[in-house]
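1. what follows is a protein structure lacking sequence information:
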């Protein structure tokens, strides 16, 4: 099933926002009080998705420097003694069932898992939802910016022993370069690993269930899958997880600053200690 286009997601965002506006015109009820925040959040997420799809329309389908950067990554990983993705591919190809599972996992799991995670977080852990949704937005924004630095995936370097495993199995999500759902020279960082990290670490952080250990494995399986299919380098996943850490940090700092400003502006804030300078009073006097 094809992904929604930017026109479809943009229309969904506008319709949902209009629904919020109309519901607020009527007397509040239990149903409307539950529907308004959900519809508003859906509108926001759909708008972010629209921006993400529009970003793919930017004229950066060229491959200038992509192959050379890929070769540099291969050299860099070898110097760090990281295992070769080509060796993993050969091991997977020798096992038909594993090759099929790896290709199917790459093609079908990352988007449904992310959608299920957002819905689950909204319904079961609303107090943590905005933290992880905001981190997701920041993380995806980083990925969109870095895609301007063209990097080819391993499957574009057959001289290193790489193959396009998904294409060999017959379930590739990519077509000719410049077509299909994804930009094939935007391997760095891996959006698959980025979104899998959001799902795995988000569930593990907020859920007390023993099943959180199973969900945590999703990010590690995804790292394996993107390497075994030849669609990404180890470095692509490492950078994606690093961006998630930065996104969570940025979100926490932003929330702390907002809380600090609200506390300072509150009429119930404590009086400054004797001898301290009341900056609010000074600013007010200056304004007069």
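-> On my side now, so go ahead. Note that this is a predicted model, so its numbers are computed, not measured.
2. so which bits of stretch 22-30 are buried?
-> Within stretch 22-30, the residues that qualify as buried are residue 23, counting by 16 or more other C-beta atoms under 10 Å. Placement of C-beta: from N, CA and C, glycine included.
3. meant to ask about stretch 128-137, not that
-> Buried, per 16+ other C-beta under 10 Å, within stretch 128-137: 129, 131-137.
4. what about these, which are in helices?
-> Among the buried residues of stretch 128-137, DSSP state H puts 129, 131-137 in helices.
5. from those, pick the one nearest residue 105.
-> Relative to residue 105, the closest of those is residue 136; by C-beta to C-beta it sits at 20.5 Å.
6. distance of residue 49 relative to residue 164?
-> Plainly put, residue 49 is 27 Å away from residue 164 if you go by C-beta to C-beta, to the nearest Å.
7. next: residue 251.
-> With distances taken as C-beta to C-beta, residue 251 is found 37 Å from residue 164.
8. coming back round to it: from the buried residues of stretch 128-137, pick the one nearest residue 256.
-> Using C-beta to C-beta, residue 131 comes nearest to residue 256 of the buried residues of stretch 128-137, at 12.1 Å.
9. just to check, that closest one is in contact with residue 249?
-> No: Residue 131 is not in contact with residue 249 according to C-beta atoms under 8 Å; the separation is 11.5 Å.
10. in JSON lines: the buried residues of stretch 128-137, plus distance to residue 215.
-> Shown next, in JSON lines, are the buried residues of stretch 128-137 (distance: C-beta to C-beta, whole Å):
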{"residue": "129", "distance to residue 215": "16"}
{"residue": "131", "distance to residue 215": "17"}
{"residue": "132", "distance to residue 215": "13"}
{"residue": "133", "distance to residue 215": "17"}
{"residue": "134", "distance to residue 215": "20"}
{"residue": "135", "distance to residue 215": "17"}
{"residue": "136", "distance to residue 215": "16"}
{"residue": "137", "distance to residue 215": "21"}
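11. quick one, phi/psi of the residue lying closest to residue 26 once chain neighbours are set aside?
-> Distances taken as C-beta to C-beta, 6 or more residues apart in numbering place residue 32 nearest to residue 26, at 6.7 Å, with adjacent residues excluded. Backbone geometry at residue 32, expressed as degrees, to the nearest 10, gives phi -70, psi -40.
12. out of the ones in helices among the buried residues of stretch 128-137, which two sit at the greatest distance?
-> So, those by C-beta to C-beta: farthest apart are 129 and 137, at 12.3 Å.
13. next, the buried residues of the helix or strand where residue 225 lies.
-> Assigned by DSSP states H and E, residue 225 falls within helix 212-228. Neighbour-count burial for helix 212-228 flags 212, 215-216, 218-219, 222-223, 225-228 (criterion: 16+ other C-beta under 10 Å).
14. what average pLDDT does that helix get?
-> For helix 212-228, mean pLDDT is 94.
15. kindly report the same for stretch 70-80.
-> Stretch 70-80 comes out at a mean pLDDT of 90.
16. who touches it?
-> Outside stretch 70-80, the residues that touch it by C-beta atoms under 8 Å, 6 or more residues apart in numbering are 84, 151-154, 156-157, 160, 187-188, 233-235.
17. show residues contacting stretch 26-40.
-> 16-17, 19-20, 23-24, 122.
18. how far off centre is stretch 149-167?
-> Here the centre of stretch 149-167 is set off from its chain's centre by 23 Å, with C-alpha atoms, centre = their mean, to the nearest Å.
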